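Student: generate coordinates for the sequence data below:
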Amino acid sequence: MRATVMTCCLAVVLSTVPTHAYTPLGLSIDFDPPNGVVRIDPQPPMPFTAYIVATYVDQPNRAPATDAYGLERVAVTAQVTNGAAWLMSVDLTDFHPDATTVSGGFGDTENGWIIEAPECVTAGPGESIIIAELLFMPTGPPGEILIGPHPTEGSACLRCGVLSGPYEFKVCGTGGLGQDPGEPYSLCGFPHTRVICEPQRGDNPPHPNTYWYDVTVGYGPDPYGPCEGFHVRVYDPDIENYTNWVQPMGWTHADSLIRVGDELWVSWWTPDPNGMFCDGWHRFQFDNPNDASWGDWTLTNGSNPDPYTSVVRTSGYFGAAHDGYGRCVHVPSTSTDIQDDTSSWGVIKALYQ
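Tutor: Numbers count the residues shown, from 1 in each chain. Sure, this is the predicted structure:
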């Protein structure tokens, strides 16, 4: 069957900060914002809703709050592959009650689809903005909702605030219909500081049994590094199950689990005051036989195993990201029963703030 292509375009105006702290806007498909649901298994004839979501609208090092930060005007291209669904309706009121289509429309691959709000739509730190609510009818076969550049404007977007741009936006995630979506590993515009445990393919081993974390700390003033501590919350209380530790040169790991209240953490740290800085990815890793659960992480300026000493960044700050790509990471569970314990995001975020 030929793929049924439905295209939507949006030209994006985003918040403005000095260029050294600029983070590209991230666009993604979310079936339950802001929870980062990237796959559903719809069954005809039950309609379903997908959302085009903008993340990293507010900048960590933004200028004074009197300036405007957010979106006013957007242009993306999206498509449903394999004829997996057909579009029933589009709702722009989540973006702004008076948002309008300036030109084109969903499915107009020649002209694209440009949406505009009458004023700057803002979001708080770590929050997202829904650009469009799309109602679909599934047709049966698996497929994917993809996002790409506008056919004529590309991935450039304008900002509302101090600087006008144009700047780049990035694709952070697509939506899977009856199948897993493609991975946004190299596409997403996440902030420079980032912790990931995906994808599990190629040179990256699967977890279990190997739990690995790639960490990068980018350029710019605080809160971008250096970091002297990296910590991951785990659920397996038996330290004997943690073996084959890997850490960057000059770093060490705790020989026991770190207990903070009812939480258990594995910790790496370095006495080097330069810590992790602007030199790419750093791999942290261990083996554990237990099944994977979702756990939190922290980056600290403390050269010790305490996950809450001088916190620089936490998984709680990245609530708009997808698990495995900036939010929570895979960690060993208490047994072979898979858990999804993400209840501590709010606690860690509150401690950080």
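Student: strands of the stretch 151-300 of the chain, residue ranges please.
Tutor: 156-159, 167-173, 175-177, 194-196, 210-216, 229-234, 243-246, 252-253, 258-260, 263-269, 281-287, 292-295, 297-300 (DSSP state E, counting those that start in this stretch).
Student: just give me how far the last one sits from the chain centre.
Tutor: Mean C-alpha position of strand 297-300 versus that of the full chain (C-alpha atoms, centre = their mean, to the nearest Å) differs by 17 Å.
Student: before we move on, what about stretch 46-62?
Tutor: Distance, centroid of stretch 46-62 to centroid of chain: 10 Å (C-alpha atoms, centre = their mean).
Student: what mean pLDDT does stretch 102-118 have?
Tutor: For stretch 102-118, mean pLDDT rounds to 82.
Student: meant to ask about stretch 42-54
Tutor: Computed over stretch 42-54, the average pLDDT equals 95.
Student: so how far is that stretch from its chain's centroid?
Tutor: With C-alpha atoms, centre = their mean, you get 20 Å for stretch 42-54.
Student: which of the residues in it are buried?
Tutor: Using 16 or more other C-beta atoms under 10 Å as the test for burial, stretch 42-54 gives 42, 48, 50, 51, 52, 53, 54. Where you see a C-beta, it was placed from the backbone N, CA and C, and this is true even at glycine.
Student: can you tell me the SS state at the closest residue to residue 94 other than its chain neighbours?
Tutor: Using C-beta to C-beta, 6 or more residues apart in numbering and skipping the chain neighbours, the partner closest in space to residue 94 is residue 130 (3.9 Å). What DSSP: H, G, I helix; E, B strand; the rest coil gives for residue 130 is strand.
Student: go through the buried residues of stretch 42-54 and flag which are in strands.
Tutor: 48, 50, 51, 52, 53, 54 (DSSP state E).
Student: so how many other residues sit close to residue 289?
Tutor: Neighbourhood size, residue 289 [other C-beta atoms under 10 Å]: 11.
Student: what of residue 301?
Tutor: Neighbours of residue 301 using other C-beta under 10 Å come to 17.
Student: what does residue 123 give?
Tutor: 18.
Student: how close does it get to residue 56?
Tutor: 9 Å (C-beta to C-beta, to the nearest Å).
Student: surely residue 241 meets residue 289?
Tutor: Yes - counting by C-beta atoms under 8 Å, residue 241 touches residue 289, with 6.3 Å between them.
Student: give me the common contacts of those two.
Tutor: residue 332 (C-beta atoms under 8 Å, 6 or more residues apart in numbering).
Student: low-confidence ranges, this protein, go.
Tutor: Applying pLDDT under 70 to the chain flags residues 1-23, 58-69, 125-126, 156-159, 161-167, 183-192, 218-225, 278-279, 319-321, 336-353.
Student: domain-wise, how is it divided?
Tutor: 13-177, 194-352 (automatic domain parsing).
Student: now the shortest one, how far from the chain's geometric center?
Tutor: For domain 194-352, the distance from its own C-alpha centre to the chain's C-alpha centre is 16 Å (C-alpha atoms, centre = their mean).
Student: likewise for the first one?
Tutor: Taking C-alpha atoms, centre = their mean, one finds the center of domain 13-177 at 14 Å from the center of the full chain.
Student: is it true that residue 54 touches residue 131?
Tutor: Yes - judged on C-beta under 8 Å, residue 54 makes contact with residue 131 at a distance of 5.7 Å.
Student: what do the two both touch?
Tutor: 27, 71, 74.
Student: could you find the closest non-adjacent residue to the second one?
Tutor: Residue nearest to residue 71 in three dimensions, not counting chain neighbours: residue 121, with 5.0 Å by C-beta to C-beta, 6+ apart.
Student: surely the one you found and residue 129 touch.
Tutor: Yes - between residue 121 and residue 129 there is a contact under C-beta under 8 Å: 5.8 Å.
Student: more neighbours, these two?
Tutor: residue 129 (26 against 23).
Student: for residue 296, see how far away that one is.
Tutor: 25 Å.
Student: just to revisit the earlier point, do I have it right that the residue nearest to residue 94 meets residue 55?
Tutor: No - counting by C-beta under 8 Å, residue 130 stays clear of residue 55, with 10.7 Å between them.
Student: residue 82 is nearest to which of the strands of the stretch 151-300 of the chain?
Tutor: Closest approach to residue 82 among the strands of the stretch 151-300 of the chain (C-beta to C-beta): strand 175-177, 8.4 Å.
Student: contacts for the closest one?
Tutor: 29-31, 38-42, 50, 80, 84-85, 138, 142-145, 181.
Student: work out the sheet partners of it and label each with its direction, please.
Tutor: Counting by DSSP bridges, the strands paired with strand 175-177 are strand 39-40 (parallel), strand 143-149 (antiparallel).
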